[in-house]
Structure formats: C-alpha cells, structure tokens
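Visitor: turn this into a model:
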Amino acid sequence: MFFDLTATYRRHLPSDFRLQINKMTSQQIRQSFLDFFASKGHKIVPSAPMVIKDDPTLMFTNAGMNQFKNIILGNDPIRYSRIADSQKCLRVSGKHNDLEEVGHDTYHHTMFEMLGNWSFGDYFKKEAIEWAWEYLTEVLKLDKERLYVTVFEGYAPESLERDNEAAAIWAQFLPESRIINGNKKDNFWEMGDTGPCGPCSEIHIDIRNNDERAKIDGLTLVNGSHPQVIEIWNNVFMQYNRKADGSLEGLPAKVIDTGMGFERLCMAMQGVQSNYDTDVFTPIIAEIGRVCDAAYGKNEKTDIAMRVIADHIRTIAFSITDGQLPSNAKAGYVIRRILRRAVRYGYTFLGQRAAFMYRLIDVLCEVMGKAYPELIAQKSLIGKVIKEEEESFLRTLETGIKLLDKVISEKKEIKNSEVSGKVAFTLYDTFGFPLDLTELILRENDMTVYIDEFNSEMQKQKDRARNAAAIETGDWVTVREGDSEFVGYDYTTFDTEILRYRKVKQKNQEYFQLVLSKTPFYAEMGGQVGDSGSLKSEHETIEIIDTKKENNLAVHITSKLPADITETFTAIIDIEKRKATECNHSATHLLHEALREVLGTHVEQKGSFVNPEALRFDFSHFQKMTKEEIRAVESIANRKIRENYALVERRDTPIAEAKALGAMALFGEKYGETVRVIQFGSSVELCGGTHVSATGNIGMVRIAAESSIAAGIRRIEAITGKAVEKLLDEQQNTIGEAKELLNNAPDMLNALKKIADENADLKKKMEAFQQAQIMALRDKLLAEAKEVKGVKVISYEGTLTADQTKTLAFQIRNIQPEKLFFVAGCLADVKPSLTVLLSDDLVAAGFNAVNIAREAAKEIQGGGGGQPFFASAGGKNASGIEKALAKALQLFI
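Guide: From the prediction side, this is the model:
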C-alpha cells in the first residue's frame, strides 16, 4: 500500500517535487536501506532498546553506534565486521538535546530512527562514501544536483589536516564547489570527552523548489539551520582515540560509523517539506485532530501542539516498551517530563482537560508496529501507563493553577502586577508548569513574571545537578596487556593481576578503578549489586568497595592503589554478602514463576533489584494483589525451596534454543546470539547473575510489601534466609508481649476486638461531651459579646484544637449570621493558633479575614491564609496570643 498525501498537503509542495509522490512508503524506504547493505555483505541486526540499563554514562540510546560502543572500545570481540540496522534513538538530555526545538520546526524530534552501517576494521572511507552515493542516487533516485557534502577542514591547534582523502573520493561524484569544508564543531565527531573520534563527512539535501534555488544558492545554506536544506546522512571515520589530557592517538582498528535520519530521508523521498508531513507522522496527526476536534494547518499554535504530541507519543510509548516507566528519578524523570510537556500542549492549545494521549496508541501501532512488533505486544500496558500519568499530571496542573490564582489574587490586592521568579520556578519545579504557561495565565490577568529571577533559580538547580554528577576521570594506565575474564560463576577467590587502572574524582572524593586479568567479582548488572571484597598480596590487602560494569568491563573500585601494582594478587569476594545476594536473586526467579501461576501468564518481569538485604521485583498486573494471592505466591515459592531443586546452568546457549527450553526474553533487554540460561525445576530464565547451587539454600522467602509503581505495574518486596528468620523472631516477640498486655488471654483476637469496641464507644461519648461543651461555650460567648458600631465582637482565648475552634466559630455564625466579628487565640499541644471569622456583610463592606489573621499572627511568629470570611494562622510564640488577639481587634475596630 503506497503513501498518498491529502489535497491539503499537496497544495504546499514544490511543483518540481510532486513527481516523487507515491514512490515509496516509509516502511519501504527503511527496508530498502537494510536490503541494500545486506547486498554489500552487512549483517542486519535488530535495534537495541532505546533505554540503556548498564552504561553509567548514558540513559538513552542517542545514536546508532551506542550498541556497538564496546566493540569500538575493544572490550567486546568483533563477531561481524560489517553491520547495518535501523536504531531507535532518543535525544532529550545532555549534549544531544533537541527537546525545545521539537514541534516548533519541521525536522527535530525526541525519538527518531537512525539508519546506519558500520565497519569494524574492514572497509573505510572509500567504500563508505561510494555506497552512500550509490544508495541515495541509484537506489532511491534522489536528484544528484540537490546533494552537497561536507568534509573536515582541519584544526591547526591539534595539528589535524583537512580530510583530503574523503574530499578526493567525493570528487568522483560531485564538483568541488559542492564539497564544502566544515569546522571541528560540525565535522569532527567525538564519542565524549574521551574515547574514539575522527573526522566526518555529512550529506545534505536541498528540497526547496526551483524558484527558491534560483534565488539563493543552496551552497550558502548548508549547516545554516534552513528547514529545507538539511543534513540527512553523516559518515564518521573513527581513526583517533581522545585521551583524558586532550591529546589524540591513532586507533589500531579504524571504524566506519554512519547515521542517516530516517524521518528526514522520508521527507526528501516523499516530496514534502516537513518530517511531520510524511507518512511516519500524518496518520498520528490526523488521529490527534479527530480525538481533540482540531484541524491541522489552520493555526500555528495548534499545529505546534499537534506536532509536539505526535512526536512525544512515540518517545513515551517506545520507552515504556523498553522497560522505562515514567518516574521521578533519572531516565524515568526524563520520560515523565516529555509526557507532561505533551499533556501541557494539549491542555493549553487543544483544550484537553481529560486524558487523551493514550487514545493514540492504536494508530501508533498501525504506523510502526510492523517494524517494531514489541510495540503491539505491549500495547495494553503502554495505554494504561500513559492514561494514569496523564490523569495524575492533569490533577497536578489544576493544583498549580489554583496556587497561581491565589498568587494573582494577592498581587492584585496590593496592586502589584509582577510575580516573583521564585514563585514561577516553584510552579515549574513542583507542579510541572513550564514558564510559558505561567506567562500565558499571567498575561490574561495583565501581569508579568520576573524572568531574571526565574532564570537565576533555574541556573542554581542546574549547577546543583551538575556539581552532584561531575566526575573527573583520568586516562587508563596500562600495567600489562591482556583481556579481563569473569570467573565468578565458579570461584569466589582467584589469583589475578592488574591490567590497568585510572584515577576518578567525584564530590571531592578520590578513588581508583582497577581492571583485573581474572576476577571472581560480579559487576553490578541486571538488577544485582556488585561484589565487594579484597585484593591480597604478600605485602598488603586492598579493600574492593564495589564492582561496576562500564563498557562491558568489570571495574573494581578502591580507595587506594596497591604499593606495587605489578604484583600477583588473590582476589577474594565477600562470601557472606555474595551468598545472601544469591539467595535473593534466585528467589526472584521462583517468585516470577509463582506469580504467573497464581495471577496468570500476562505477568512479565518489568524490573528487579537484589542485594544482600532484600529483593524487589516489578511485574505487569492490573490490580492490587489480595492477601490470599500473596500467600499463594509465597506458598508455591517456598514449596520449590523445600524441594531443593539443583541449579541447572547452561552457558553460551543459542537464543533460539533457550527460548525452546521455555525461557522468556524480556522486552527492553538486549540479548546476544548466545545467552546464559538458569533453571530451577520448571523455572527457566535468561540471566547473567549469580545464584544458589540449590533452592534449599534460600531457606524461606517472605513477601514484605506489595504496591503499585505505575499503571499496570506492581512491585513486591521480599526477604529470604536469615532475614526471614529475624522477622519471624521479631513477630513472635511482639505477639508474646501483646499477650502479656492482654493478661495472657487465650483468644488474642477477641480480646483486641473487645478493647477496640470499648475504645470506639468511649470516643463517641467523648466527642458528644466535647460538642456539648462547645455549644455551652457558644452560648456563653454570645451572651458576653460586646457590641461595637452595631457589630457583635467576640474575642476568645483558650485551649481548643484547630478543628474545635472552627466548629465554635461556625456555630456562633449560624446563630449570628450578620454583623459578627469573631477572633480566637488558642494553645493546643504547645502550638499557638489564631482564627478569624467575619459575617458576609462585613466582607462586603471591605473587611478581609485573611489580611487580619496574617497581620495579627506576626505576634505569634506565624502566618496563615484562608478566605475573606474565614482565616486561620499557626505560629511558634505561645506568649504572643494575647497581643495577637489585641492586634486583630485593633485591625477591625
């Protein structure tokens, strides 16, 4: 089925581009790329998850090369020297941050697809350039006259010369005038502050109509942010390694890393001038229009909102599919921020006051489900999570709006039209209010916000985050050549040598990272914490604080280096910590199987965390577990523990064979061609962690808590072994003490019920007695009220609670609804309070209970609020109650 543009979009196309319409759909374009590079001997691999779990330097895949980073760094073997794929990418934080441009222009996105081809020590510049040209001009038939390329111009401070090699290859296809020199910023690619890097060559296309091209040469618009003269493909030639001191050294094996923006390519191929007018987005935008009763192409602000939502729904859905739920921390916070940005655009510009984005999942699956079937498989979960997040944020928005309304009201009372930047930042930081929404509401009230103060608060927050995360990392110092090998499945101690080390500084603390030739230390990964322990030699013992995984290397963290780093050491893990962790990890496998047996096969793991103390297991399920279900899950898991199933471990098992054994591949996880299978009886899982040798070693498992962490996602927290024994001892002791308090009653439950019933009865009697006292006090105060200018003035000082004082005030108001001024100063639980109530006629006359309470409360070192007819305030200075009452009377009289 071929893509067809609506008549509305056709009218806006360059006339000379209309011939390209209906040639290829986005799905055909994607497949043509993969087919072309397969014909050039490339292994076609699936996209890695968009969410990265085991790389401390990245939260999201932001480039096609991320999944090959360990190969490029030399930490993983080269299985295929030529690879191609279409990779899901996300750019919303850090160096690559396109968020603020999304929706406002035609070609920036948060989530996008990167078509890429790689060579690891195989071909280099010649083939990369020649194949790029062949694919674009011979396969896709793009107009050669519309293509420009850039090459690195050189950089004298680092003695880097112009990339004449790439320029000469391009000269076979293009005149020199369309081979443009690019500076270091645009044409020298770097993985980060350190690591592989090299010159790059970008391919740009000019999709303007012929009239526009005749007026302005496209040559002058390359890399000029023109929406129709854009980069579509970048060929990176990795030939250097950047060291921590900034110097460059040659890479032993050169790498080709290319990335082509799929959405931009579709724009060029389908003859439109916006990514959002391609068939990647038009069905989604059409559905937004239907759901929100909005028309695209009629109003700029509405169009921006619809583009933002169309872009963001893709990001959110794929993130959830890959296992990242919206949350308040790290990657989860980024996803929540994107979702809330989309909701806010719908709220402000499309009038959406109820959840609506979850209704777009069906059309998203229609557009992208064939290329990414995991989207269809997780459709129900995605919809539930998004709907709950939308509803939660809409409630937050309403709360924020009420707070802003209160600030506006207070500012109007004192005739001040500028709202503090700190208030605007609180709305942003706490309630998710972007500054422009605050400004919009303020403009409707002829008010402004102090922008400089807002920016100052924002900068302070960024500085705090930057300082907390700042890490100074030195270069690796090589002690000896060799590869690191993990032997921790079979050994807890092992003789080893230091291969390399480096110094790392964070938060003014200095420590060292060591890579060992052979290590029994498990590096934190897959939810299991890393091992700790020691390195021992004849002369000293060095404590290993933790073990982390970085670029597929086990990195051992220590506070100091050995005196002689060339010695042979014995690596010794903390065996008690390891055993306790293993018990908890193996228990997660048993609980997973038990959950599926009790709740149903819809249960799938969505995350886990195991350490020596406890385990946490997240899973898909749409309602709270009952007590009976929790006990049933525990019972099944504990039966399997008692049956003492031996560990059956299969290493390097082909993935297809592992699945045939019954092992489930989890969404959002990246698996190689061979995997490790862990089996305990009928429990079969793909897992790289460490485990008990038999289930009996776990002892017992007890679920301590069950909760919701997101729509459709539940969490159980549990303990095993010694921790269960300790819990049972504590519970037994508590029961014993309770029995003693109940005089060793034979039936504890009935004894407790009797006490609870008696307590409830006494509470009712106490409340009735207190109510009678308040009524008597009401009558007394009314009888003793003074009359000032025709108004009954009542001032009371006592020891009533805030609720009792409020009841008293409204009881008096019921009898005296007009010409009433009531003020009470009370001391309850050592805390002073002030209450002011006015009859409606006094409010109409210009009196305000909030103003009176707030001013008088200064005497008790407090503040408060409320409504014009009723306000209350709390304070710290109990000795000031009398003065506060006098002040309130003075303000009224």
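Visitor: ok, residue 365 - contacts?
Guide: Contacts for residue 365 (Cβ atoms under 8 Å, 6 or more residues apart in numbering) come out as 375, 376, 379. Placement of C-beta: from N, CA and C, glycine included.
Visitor: packing partners of the helix or strand encompassing residue 758?
Guide: Following DSSP states H and E, one finds residue 758 within helix 748-784. Helices and strands touching helix 748-784, by 3 or more Cβ pairs under 8 Å, 6 or more residues apart in numbering; DSSP states H and E, are helix 721-741, strand 791-798, helix 802-815.
Visitor: can you put these in TSV and add mean pLDDT, distance to residue 318 and mean neighbour count?
Guide: Listed next are these as TSV, based on pLDDT from 0 to 100; distance: least, Cβ to Cβ, whole Å; neighbours: other Cβ atoms under 10 Å:
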stretch	mean pLDDT	distance to residue 318	mean neighbour count
helix 721-741	92	38	13
strand 791-798	94	62	18
helix 802-815	94	50	17
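Visitor: so for residue 27, which of those sits nearest?
Guide: Among these, the nearest to residue 27 by Cβ to Cβ is helix 721-741 (52.3 Å).
Visitor: in the stretch 251-400 of the chain, where is pLDDT below threshold?
Guide: The stretch 251-400 of the chain contains no residues with pLDDT under 70.
Visitor: can you pull out the helices in it?
Guide: Per DSSP state H, counting those that start in this stretch, the stretch 251-400 of the chain carries helices over the ranges 262-269, 282-292, 300-321, 330-349, 361-368, 374-377, 379-413.
Visitor: before we move on, back to that, which one of the contacts of residue 365 is nearest to residue 291?
Guide: residue 379 (16.6 Å).
Visitor: which residues are in contact with that closest one?
Guide: Residue 379 makes contacts with 361, 362, 365, as judged by Cβ under 8 Å, 6+ apart.
Visitor: so who does the residue most central in space within the chain touch?
Guide: Geometric centre of the chain, nearest residue: residue 332, 1.8 Å, by Cα atoms, centre = their mean. Residue 332 is in contact with 324, 325, 326, counting by Cβ under 8 Å, 6+ apart.
Visitor: and the buried ones among these, selectable in ChimeraX?
Guide: Buried subset of the contacts of residue 332, written as a ChimeraX selection, criterion 16 or more other Cβ atoms under 10 Å:
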select :324,325,326
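Visitor: could I get the contacts of residue 332 as a markdown table with distance to residue 539?
Guide: Formatted as a markdown table, these follow (distance: Cβ to Cβ, whole Å):
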| residue | distance to residue 539 |
| --- | --- |
| 324 | 47 |
| 325 | 50 |
| 326 | 52 |
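Visitor: just the strands from the stretch 501-650 of the chain, written as ranges.
Guide: Assigned by DSSP state E, counting those that start in this stretch, the stretch 501-650 of the chain shows strands spanning 509-516, 518-519, 533-536, 541-544, 546-550, 553-558, 568-573, 605-610, 615-620, 648-654.
Visitor: can you tell me the strand partners of the longest one and which way each runs?
Guide: For strand 509-516, the paired strands and their directions (DSSP bridges) are strand 493-506 (antiparallel), strand 553-558 (antiparallel).
Visitor: right, so those strands: which one is the most enclosed?
Guide: Highest mean neighbour count of the strands paired with strand 509-516: strand 553-558, a mean of 22 (counted as mean count of other Cβ atoms under 10 Å).
Visitor: just want the angle from that one to strand 568-573.
Guide: 90 degrees (axes from the mean of the first three to the mean of the last three Cα atoms, to 10 degrees).
Visitor: now do strand 553-558, average pLDDT.
Guide: The pLDDT scores in strand 553-558 average 94.
Visitor: ok so, going back, quick one: closest of the helices of the stretch 251-400 of the chain to residue 74.
Guide: Comparing the helices of the stretch 251-400 of the chain under Cβ to Cβ, the one sitting nearest is helix 330-349, at 27.2 Å.
Visitor: residue 189 and residue 196 touch, don't they?
Guide: No. Under the criterion of Cβ atoms under 8 Å, residue 189 makes no contact with residue 196, lying 9.1 Å away.
Visitor: who touches both of these two?
Guide: Listed as contacting both residue 189 and residue 196 by Cβ under 8 Å, 6+ apart are residue 238.
Visitor: so how far is residue 74 from residue 690?
Guide: Applying Cβ to Cβ, to the nearest Å, the value for residue 690 to residue 74 is 26 Å.
Visitor: I should have written residue 571 there, sorry.
Guide: For residue 571, the distance to residue 74 - Cβ to Cβ - is 23 Å.
Visitor: between the two, point out the one with more neighbours.
Guide: The neighbour comparison of residue 571 against residue 74 (other Cβ atoms under 10 Å) goes to residue 571, with 27 against 16.
Visitor: who touches the closest residue to the more buried one other than its chain neighbours in this structure?
Guide: Nearest-residue entry for residue 571: residue 496, 4.8 Å, with adjacent residues in sequence omitted and distances by Cβ to Cβ, 6 or more residues apart in numbering. By Cβ under 8 Å, 6+ apart, the contact set of residue 496 is 516, 517, 518, 519, 535, 568, 569, 570, 571.
Visitor: and residue 433, helix, strand or coil?
Guide: Of the three states, residue 433 takes coil under DSSP: H, G, I helix; E, B strand; the rest coil.
Visitor: wait, it touches residue 398, no?
Guide: No. Applying Cβ under 8 Å, one finds residue 433 not in contact with residue 398, separated by 11.4 Å.
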